[in-house]
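In: A predicted structure for the sequence below; I have some questions about it.
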Amino acid sequence: MTTQPQHSAASQAPMMKIFDWYSGPYPARVRIALAEKGLLPRIEFVSVNLWKGEHKQPEFLALNYSGTLPVLQLEDGTLIAECTAITQYLDGLDGTPTLTGRTPVEQGLIHMMTKRAEIELMDAVSVYFHHATPGLGPEVELYQNAEWGLRMRDKAVRGMHYFDGILKTRPYVAGDGFSMADIAVLGGLIFAALVDLAIPAECEALQAWLARVNERPSVQAWRALVASPH
Ligand SMILES: N[C@@H](CCC(=O)N[C@@H](CS)C(=O)NCC(=O)O)C(=O)O
């Protein structure tokens, strides 16, 4: 059983806004990081409806050129997009980074494995979703390339095997402790489950890691929210 760390400094952090869609797998990464840091009460969530394509409208593109969720907005108006960048910012707020590493070597390894989780798993699942499935629907998916999507689906499955191999050698994705890299792999698996891309049965270490990570209060809270949003 893992307990949530106490963050007295974090609880005094100023209010921030997050533009996201509650069930999106990338937003999930930031929501789980927020829960890990005890920062959820400091956030006002602003819904941007992916299924209606609100993230591609000029109003949202002015907040994030990439037209993707989530985006963090600080009290002074500063905008931070990209899950990794947002998590890094949030983790540093209380001066006690628990998700992004304390030493240069931890920081390097966590950053590397987070990037790998994106390239080899989560972004690949995303391309599969947007290109080889109906994705967000014809109003939003203006260009699809099914062949590319299917290649990325296969890449994601290879990625699962890669992380399975990693987790045979250590308890967490970037070493001995739970980190942003674990949240990134979890995001990839959340997305994979949404598109019915199962973890191969032989990936036992990955399955065992997922069962362990699913027990974290931060992850359970996110799953409860998605199961019963209001
Ligand atoms: N690299 C971005 C990816 C964000 C992303 O793709 N978010 C999804 C939400 S689950 C999205 O906005 N998808 C809409 C689209 O690509 O049209 C990050 O790490 O924040």
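Out: Structure's in. What do you need? Numbers count the residues shown, from 1 in each chain.
In: need the per-residue pLDDT for the spatially most central residue of the chain.
Out: The centroid of the chain falls nearest to Arg29 when counting by C-alpha atoms, centre = their mean (2.7 Å). For Arg29, the pLDDT comes out at 98.
In: which residues touch it?
Out: 83, 87, 183-184, 186-187 (C-beta atoms under 8 Å, 6 or more residues apart in numbering). Yep, even glycine has a C-beta here, placed from its N, CA and C like the rest.
In: just Leu99 next, same as before
Out: 33, 36-37, 87, 91, 110, 178-180, 183.
In: 6 Å instead, please
Out: 33, 91, 179-180 (C-beta atoms under 6 Å, 6 or more residues apart in numbering).
In: and the residues you listed, which are buried?
Out: The neighbour-count test (16 or more other C-beta atoms under 10 Å) marks 33, 91, 179-180 as buried among the contacts of Leu99.
In: now, which of those lie within helices?
Out: Using DSSP state H, the members of these that fall within helices are 33, 91, 180.
In: could I get the contacts of Leu99 in CSV, plus columns for pLDDT?
Out: Shown next, in CSV, are the contacts of Leu99 (pLDDT from 0 to 100):
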residue, pLDDT
Ala33, 98
Asp91, 98
Ser179, 98
Met180, 98
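In: go through those and name the one nearest Arg223.
Out: Ala33 (15.2 Å; C-beta to C-beta).
In: Leu99 and the ligand, how far apart?
Out: Going from Leu99 to the ligand by C-beta to the nearest ligand atom, to the nearest Å gives 15 Å.
In: just Ala198 next, same as before
Out: 20 Å.
In: host element of Arg116?
Out: Taking DSSP states H and E as the criterion, Arg116 maps to helix 104-117.
In: same for that helix, what does it pack against?
Out: Packing partners of helix 104-117 (3 or more C-beta pairs under 6 Å, 6 or more residues apart in numbering; DSSP states H and E): helix 180-194.
In: which SSE is immediately downstream of the helix it packs on?
Out: Scanning onward from helix 180-194 (DSSP H and E), the first element met is helix 204-214.
In: list the buried residues of that following helix.
Out: Neighbour-count burial for helix 204-214, counted by 16+ other C-beta under 10 Å, picks out 205-207, 209-210, 212-213.
In: can you check stretch 162-172 too?
Out: Residues 162-164, 166-167, 172 are the ones in stretch 162-172 that count as buried (16+ other C-beta under 10 Å).
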